[in-house]
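> Let me see the structure of the following:
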Amino acid sequence: MTENLRAKIEAALAEATDLTTLENLRVSVIGRKGEITDLLKSLGQLPPDERRQAGQAANELRDWATDAITDAKNAIANREQATALATESIDVTLPGKRRKIGRIHPISTTHAQLEALFTRLGFNILEGPHIETVYHNFDALNSPQNHPSRDETDTFYFSDSLLLRCHTSPMQIRVMETQAPPIRIIVPGMTFRRDEIDATHTPAFHQMEGLVVDRGIHFGDLKGMLELIVRELFGPEAKIRLRPSHFPFTEPSAEVDISCYSCKDNSCRVCKGSGWVELWGCGMVHPKVLSMSGIDPEIYSGYAFGLGTDRLTSAVYGIADPRLYFENDMQFLGQF
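Have a look, this model is predicted:
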């Protein structure tokens, strides 16, 4: 029986001309349901005196078939490779394709630089949700019902209670509601307002919120922090100026100006001849905001500041139009 099966396999090997045919032959012969496999399974039905001789012959046939099919596969593969080498070629005179290497976005660079500074100072870096509640975005920050930013012409609303956050300040409330002082956090992220796109405004922009709450915090601590930030970004000669302002969530409040980074003689368009450039707002956390968040303003005080990191990046790199940040212009981004 093994002689007939071997002759059958030899005939099939002689006719096989491709790897698919050989693989089908292997499965039909030595696969789980192959003829040699079935032959080995049937040996248990033979008389003991015939079983040993028949088993030896079947095993020898299986080993021979395995080697023969493998050799035939190797021969066909080598033949196909030789044909490909003879007929296919690569034109090494063609210019190669240069791989373009990405760059870190300038706003991401500014964020990383500021985060490194605040981490050294012991601040925690947090991220907040883009979709906020009206309570956290306005009410808990002491914004009155008639505040202009609440109007639908200024803010993106989903419903009466949900909106796209227009600043990163809601995370102040979320942290103060869940964490007891001392608190030292910064919150970088995207914010959204209904601004027309022009040379100074975009409907989406980046901010970085800072908050410190502890015993004995005063305005001098805030001023020292602001001076440290400016010197970190613009060098030791940079100066700041604080102008009284009003924000619902801080009292007292101030606008922060920096000595013009573009000129030294108060004569450029950036500072409009004043020698100062407005960068961000700040102030001492309003006692009502502390109370609404569950913190006793008789025991604790704090300060907060909000950096417009798009504007800050423009100041660092001298970028005049914020629209460039969002246009995916590789020629522009490749400079950084």
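> Give me the distance between the two termini of stretch 291-305.
Using Cα to Cα, to the nearest Å, the span of stretch 291-305 from its first residue to its last is 19 Å.
> cool, and stretch 287-304?
Where stretch 287-304 starts and where it finishes are 12 Å apart, if you go by Cα to Cα.
> Give me the contact list for it.
Contact partners of stretch 287-304, identified using Cβ atoms under 8 Å, 6 or more residues apart in numbering, comprise 140-142, 169, 172-173, 176-177, 180-181, 183, 209-219, 221-222, 225, 249-251, 282-285. All C-beta spots, glycine's among them, are computed from the backbone N, C-alpha and C.
> So among the residues you listed, which ones count as buried?
Buried subset of those (neighbour count, 16 or more other Cβ atoms under 10 Å): 140-142, 169, 172-173, 176, 181, 183, 209-213, 217, 221-222, 225, 249-250, 282-285.
> Just give me the longest helix of the chain.
When the chain is scanned for its longest helix (criterion: DSSP state H), the result is helix 48-87.
> Okay, buried residues for the helix or strand following that helix please.
Moving toward the C-terminus from helix 48-87, the next helix or strand (DSSP states H and E) is helix 106-120. Buried residues in helix 106-120, counted by 16+ other Cβ under 10 Å: 106-107, 110-111, 114, 118.
> what do you get for stretch 18-29?
Within stretch 18-29, judged by 16+ other Cβ under 10 Å, the buried ones are 22, 25-26, 29.
> State the mean pLDDT of it.
The average of the pLDDT scores along stretch 18-29 is 84.
> tell me the strands in this protein, going along the chain?
In chain order, the chain shows strands spanning 124-125, 131-133, 162-164, 183-192, 204-214, 240-247, 250-259, 276-285, 301-308, with DSSP state E as the criterion.
> Just name the most buried of those strands.
The densest packing among the strands of the chain, expressed as mean neighbour count by mean count of other Cβ atoms under 10 Å, is seen in strand 301-308 with a mean of 23.
> what angle sits between it and strand 240-247?
Orientation note: strand 301-308 sits at an angle of 100 degrees relative to strand 240-247 (axes from the mean of the first three to the mean of the last three Cα atoms, to 10 degrees).
> Strand 301-308 vs strand 250-259, what angle?
Angle of strand 301-308 versus strand 250-259, following the same axes, to 10 degrees, is 40 degrees.
> Strand 301-308 pairs with which strands, parallel or anti?
Applying DSSP bridges to the sheet, strand 301-308 is found paired with strand 204-214 (antiparallel), strand 276-285 (antiparallel).
> Name the residue closest to the centre of the protein, please.
Residue closest to the mean C-alpha point of the chain, counted by Cα atoms, centre = their mean, is Ser108 at 10.8 Å.
> if we can go back for a sec, right, and out of the buried residues of helix 106-120, which lies closest to Leu126?
For Leu126, the nearest member of the buried residues of helix 106-120 is Phe118. The distance, counting by Cβ to Cβ, is 11.0 Å.
> distance of the residue nearest to the closest one when sequence neighbours are not counted from Met171?
Nearest-residue entry for Phe118: Ile186, 4.8 Å, with adjacent residues in sequence omitted and distances by Cβ to Cβ, 6 or more residues apart in numbering. To Met171, Ile186 is 9 Å away according to Cβ to Cβ, to the nearest Å.
> that older thread, and the strands paired with strand 301-308: which comes nearest Val134?
With Cβ to Cβ as the criterion, Val134 lies closest to strand 204-214 of these, at 18.2 Å.
> okay, that closest one in PDB with CA atoms only?
What follows is the C-alpha trace of strand 204-214 in PDB, where atoms were taken according to Å, rounded to 0.1, in the frame of the first residue of the first chain:
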ATOM      1  CA  ALA A 204     -10.000  79.200  19.200                       C
ATOM      2  CA  PHE A 205      -6.900  80.000  21.100                       C
ATOM      3  CA  HIS A 206      -4.700  78.800  23.900                       C
ATOM      4  CA  GLN A 207      -4.500  79.900  27.500                       C
ATOM      5  CA  MET A 208      -2.600  78.900  30.600                       C
ATOM      6  CA  GLU A 209      -4.300  79.500  33.900                       C
ATOM      7  CA  GLY A 210      -2.300  79.800  37.200                       C
ATOM      8  CA  LEU A 211      -3.800  79.500  40.700                       C
ATOM      9  CA  VAL A 212      -2.200  79.700  44.100                       C
ATOM     10  CA  VAL A 213      -4.200  79.400  47.300                       C
ATOM     11  CA  ASP A 214      -2.600  79.200  50.800                       C
END
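> Can you list the buried residues in the lowest-mean-pLDDT helix or strand in the chain?
For the chain, using mean pLDDT, DSSP states H and E, the weakest element among its helices and strands is helix 35-41, scoring a mean of 77. Taking 16+ other Cβ under 10 Å as the basis for neighbour counts, the residues of helix 35-41 that come out buried are 35-36, 39-40.
> I am finished for the moment; much appreciated.
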